[in-house]
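Trainee: sharing a model prediction with you, sequence too.
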Amino acid sequence: MARTVLLTALLALVSCIPAPAAASCGLPCTIDGVLGSKLSPLASIVHSTLAAPRWSEYDAPTPGTVVNVGTEEDVQTTVQYCNDHNISFLAQGGGNGWGDTFTLGNQGLIINLRGIRNIEFNADKTAVTIQGGTIIRELVAAAYGNSTQVSTGNCNCIGVLGSTLGGGYGRLMGLYGMSVDNLLSMNVVTAHGDAITITPGDQDLWWALRGAGANFGIVTSATMRAYPVPQAQNGAWLGPLIFTPDQIPALVTAINGLTLTGQMSIFMYFTTAGPPDYTPTVIAIPFYLGPPNEGEAAFASIFAVGPVSNMTAFTPYDQLNEGSESFCVAGGRKPSYAAGVAQLDPHAWVTIYDKYVDFLKTPGVQNTTVLMEYYPSPRADAFNVASSSYAFRSSIKMNAIVNTAYVDSSLDPVAESFGSSVRNLWRSSSGLPQNDTYINYANGDEPLVSIYGDNVPRLQQLKQQYDPSNRFNQWFPLY
C-alpha cells in the first residue's frame, strides 16, 4: 500500500515538470520548424525587425519575425501558415510607406519581398515582368539597358509594385499614364492563401487592386507596358534652378500658370544647402522629355522669374532619379504630411517658407524638406476615373508634401505640429471641395474618403467578399 501511494505521488510530481525549453520556446520555434521546413532553400527566417528596415522608424511596424522569401511560392506558403496560426502579417518591398496605420507588433510577421526581384522584358521590349521585391532603381536600370522606358515613381529606393498599387505618379505619366494604367496582369496571393493571376477580365479585383491593392492581396509579380526608345534619345532635360526667398510669390505664380504638355513636369523644394550651415534654399526642378532648347522654351515663364543659378542639363534615363538619393537613407524618424491640390496659393507658400525657416531652428531637424510635384494630366485623364480604384485623377493636379527628418523621438510633437500646420495651409488653399490625398503620401490620420474618395462603399463591399477576415489590414485598411 505504501509503495502504491509513493508511486502515485512520484507520477504526479513528474507530470508537473515543465517541458524542455526547446519544446516551449513559443512562436519563433514553431515558425522556424514548421514554416521553415516548407519554404524554398532561398528563403530565411529572422526574428529581428532589423532584418527588414524601413525608411522611417516613426510609427513603423515592429514584427517579431521577418520571412525573407526566395520565390513567389514562398509568399503563398507564408500567408497560408499565418492564416492557419492567426498571425498578423505585412508584405514589404522597399519599406518606404510612411503612413501611421501599422498595428503589427512583435507577434506579427513581415513578408520581406526583396528576395524576389527578377526583371524580364519580352522580345519586342513592349512589356516587362517584374517581381514583387523590385525597387525603382533596379527597374530603371534594366529599362535603360533594354532601350525602353517604364512609367514609375521618381524615387529610386521605392518598391515598384507598392507605389504602383496606390496609383503611381511619376514624371513619365504625361506620356504613358500613371503606373497603375500600365499594368497588364498581376500574380497575386489572396487573403485565403490562393495564388491567382488577375487580368482586366477579372473586373472586381482588377479594379480594386489598382488603387487599393494593399487591402486585397500581395502582388508577387506583374507585367507592365514598356516603351522602346532609341538609346541616344533615352533621357530628359532637367536640373535645379535656385531662387531667392523673395522670389517665391513670382515662382509660385509662374508654376501655377503653366500648362504642362505630356513631356513636362516640375517640382519645387524648400530644402537646405546642407552642412555646416544648412541655409534654407528655394529650388525648382523643371523636367522635359526632349532636348534642352525645347525644355528651356517650354519653361520660359519659370526662367523669366530670374533664377540665381541654373544647373539644368540633358540626363540619361537611368540617371533621372539621382536627385532622389538623399531621400533614400533608411532609418530615423520622418513623420510626413501631404495634400493633393488643384492650385498653388502664393501667400500660403510664403507663409510655409517662413514656418519652415523657423522650424529649422530646432536642433536635429535640418534634413527636413517641403516639396511640391506638378505632373501633366491629359494622358492619365484619358483613362476614365472609374477604370481603377484610384479616385483622384480629375481633382489632384499637384501633390504637396512635408518630409520631416530627425532622430530624437522627443522631437515628435514639434515635428507633428509643424507638418500638420503646413498641411492645413495647403488644404485651406487647395481649390478642392474636400481633402483629397494620394494614398502613398498620406499620413494615416485622414478619413477613408480622403484616401479612396467616392470608391469607399464599393471597396468595402469587395473587401467583405475577398477578404472577410481582414487579413490585409495594415496599410490604410478599409475597415
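Mentor: Yes, it's here. Numbers count the residues shown, from 1 in each chain.
Trainee: what residues are up against Leu411?
Mentor: Contacts for Leu411 (Cβ atoms under 8 Å, 6 or more residues apart in numbering) come out as 333, 362, 364-365. Bear in mind the C-beta positions are built from the backbone N, C-alpha and C, glycine included.
Trainee: ok, those residues vs Thr315, which is closest?
Mentor: Of all those, Val365 has the smallest distance to Thr315: 30.6 Å, by Cβ to Cβ.
Trainee: which strand or helix spans the closest one?
Mentor: Per DSSP states H and E, Val365 falls between elements, in no helix or strand.
Trainee: quick one on the thing from earlier: redo the contacts of Leu411 as TSV? Include pLDDT.
Mentor: What follows is those, written out as TSV (pLDDT from 0 to 100):
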residue	pLDDT
Arg333	98
Thr362	98
Gly364	97
Val365	98
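Trainee: with distance to Asn83 added, can I get these in JSON lines?
Mentor: Formatted as JSON lines, those follow (distance: Cβ to Cβ, whole Å):
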{"residue": "Arg333", "distance to Asn83": "33"}
{"residue": "Thr362", "distance to Asn83": "45"}
{"residue": "Gly364", "distance to Asn83": "43"}
{"residue": "Val365", "distance to Asn83": "42"}
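Trainee: per the record, what domains does this protein have?
Mentor: Here the domain assignment for the chain is 8-115, 119-230+454-466, 235-453, based on automatic domain parsing.
Trainee: rank those by pLDDT, which is bottom?
Mentor: Note on those: lowest mean pLDDT is at domain 8-115, with a mean of 85.
Trainee: okay, the domains of the chain in a markdown table with distance to Tyr479 next?
Mentor: Converted to a markdown table, the domains of the chain look like this (distance: least, Cβ to Cβ, whole Å):
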| stretch | distance to Tyr479 |
| --- | --- |
| domain 8-115 | 12 |
| domain 119-230+454-466 | 6 |
| domain 235-453 | 9 |
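Trainee: most tightly packed of those?
Mentor: Most buried of the domains of the chain by mean neighbour count (mean count of other Cβ atoms under 10 Å) is domain 119-230+454-466; its value is a mean of 21.
Trainee: who wins for proximity to Gln474 among the domains of the chain?
Mentor: Of all these, domain 8-115 comes closest under Cβ to Cβ, at 4.5 Å.
Trainee: Tyr278 touches Lys361, doesn't it?
Mentor: No: Tyr278 lies out of contact with Lys361 (Cβ atoms under 8 Å); the separation is 10.2 Å.
Trainee: just the terminal-to-terminal distance for stretch 256-276.
Mentor: Start and end residues of stretch 256-276 are separated by 34 Å (Cα to Cα, to the nearest Å).
Trainee: which stretches of the stretch 51-200 of the chain form helices?
Mentor: 72-84, 136-145, 160-165, 173-176 (DSSP state H, counting those that start in this stretch).
Trainee: need those in CSV (columns: distance to Gly274).
Mentor: CSV is the format used below for the helices of the stretch 51-200 of the chain (distance: least, Cβ to Cβ, whole Å):
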stretch, distance to Gly274
helix 72-84, 40
helix 136-145, 22
helix 160-165, 27
helix 173-176, 30
